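Trainee: sharing a model that was predicted from the sequence below.
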Amino acid sequence: LDLFSLKDFPTYKPPEETGSTFEENAQLKALHAAQTLNANVIADDSGLVVPSLGGEPGIYSARYAGPEATDIENREKLIHKLKALSEDKRSGYYACCLVLATPQGIKKTASALCEGTLLCESKGSLGFGYDSLFMKHDYRKTFAEIDEETKHRISHRRKAFDKLIPSIYSLL
C-alpha cells in the first residue's frame with residue numbers, strides 16, 4: 001500500500017468547500033481528488049462545534065475569523081464568544097468526517113466526535129487550531145497539553161479512521 005498526501009501533488013487544486021456539513025465537504029473533496037488524480041482517496045473535513053454558539057465555528061473552523069485568519073485569530077474570536085457564556089454552556093466537540101472514494105465514486109463515509117469542554121484561555125503549546133482551548137472529557141489537559149501519541153489515539157480523526165479501515169482493506 002503506497003500512501004501519498006496532497007503535498008505529493010503540488011499542482012492539484014482542491015475544490016471550494018461549498019457544502020453545508022462536514023460530510024458534504026468531505027465527499028466533495030474526496031470525489032474531486034479521486035477523479036482528478038485517478039486514485040483511491042481519503043478526504044477529511046473536520047472542525048470544532050460549540051452547540052451553545054449555534055454550532056459555531058463548525059464547518060468554518062479554519063476560517064472562523066476570516067478567509068486568511070490565523071489559528072490565533074480564530075481562537076481569539078472564539079474566546080470572545082465563549083466569555084459571554086456561562087461555564088456550563090462551554091461544552092463542545094470536534095467532529096470529523098472521512099470519505100473514501102475511488103475514481104468511480106464514494107465507497108464509504110465515516111464520522112466521529114470527540115467531546116470536551118472549552119476554556120477561555122489557551123493552555124499548552126502542542127497541536128494546532130483550537131487544541132489549546134479544548135479539554136477532552138476525562139482528561140485534565142487540553143489537546144495542546146496532551147502528547148501527540150495520546151491525542152492521536154483518542155481523537156475524532158482516529159475514531160473515524162478506525163471505522164474506515166475495513167473499507168480500505170476491501171479495496172486492496
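Mentor: Looks like it arrived, so ask away. Numbering: from 1, shown residues only.
Trainee: switch to C-alpha atoms for all contacts and neighbour counts from now on
Mentor: Noted.
Trainee: okay, now the closest residue to Ser155 other than its chain neighbours: neighbour count?
Mentor: Leaving out its chain neighbours, the residue that sits closest to Ser155 by C-alpha to C-alpha, 6 or more residues apart in numbering is Cys114, at 6.1 Å. One way to gauge burial is a neighbour count; for Cys114, by other C-alpha atoms under 10 Å, it gives 19.
Trainee: buried stuff in the helix or strand harbouring Cys114?
Mentor: Applying DSSP states H and E as the criterion places Cys114 in strand 105-118. Across strand 105-118, burial judged by 16 or more other C-alpha atoms under 10 Å covers 106-118.
Trainee: pull the CA atoms of it into PDB?
Mentor: Extracted C-alpha coordinates of strand 105-118, given in PDB (Å, rounded to 0.1, in the frame of the first residue of the first chain):
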ATOM      1  CA  GLY A 105     -17.400   7.200  -6.800                       C
ATOM      2  CA  ILE A 106     -17.700   7.300  -3.000                       C
ATOM      3  CA  LYS A 107     -17.200   4.000  -1.300                       C
ATOM      4  CA  LYS A 108     -17.500   4.800   2.400                       C
ATOM      5  CA  THR A 109     -18.200   7.700   4.800                       C
ATOM      6  CA  ALA A 110     -17.200   7.500   8.500                       C
ATOM      7  CA  SER A 111     -17.800  10.200  11.100                       C
ATOM      8  CA  ALA A 112     -16.800  10.500  14.700                       C
ATOM      9  CA  LEU A 113     -16.800  13.000  17.600                       C
ATOM     10  CA  CYS A 114     -14.500  13.900  20.400                       C
ATOM     11  CA  GLU A 115     -16.400  15.700  23.300                       C
ATOM     12  CA  GLY A 116     -15.000  18.100  25.800                       C
ATOM     13  CA  THR A 117     -15.100  21.500  27.400                       C
ATOM     14  CA  LEU A 118     -13.800  24.800  26.100                       C
END
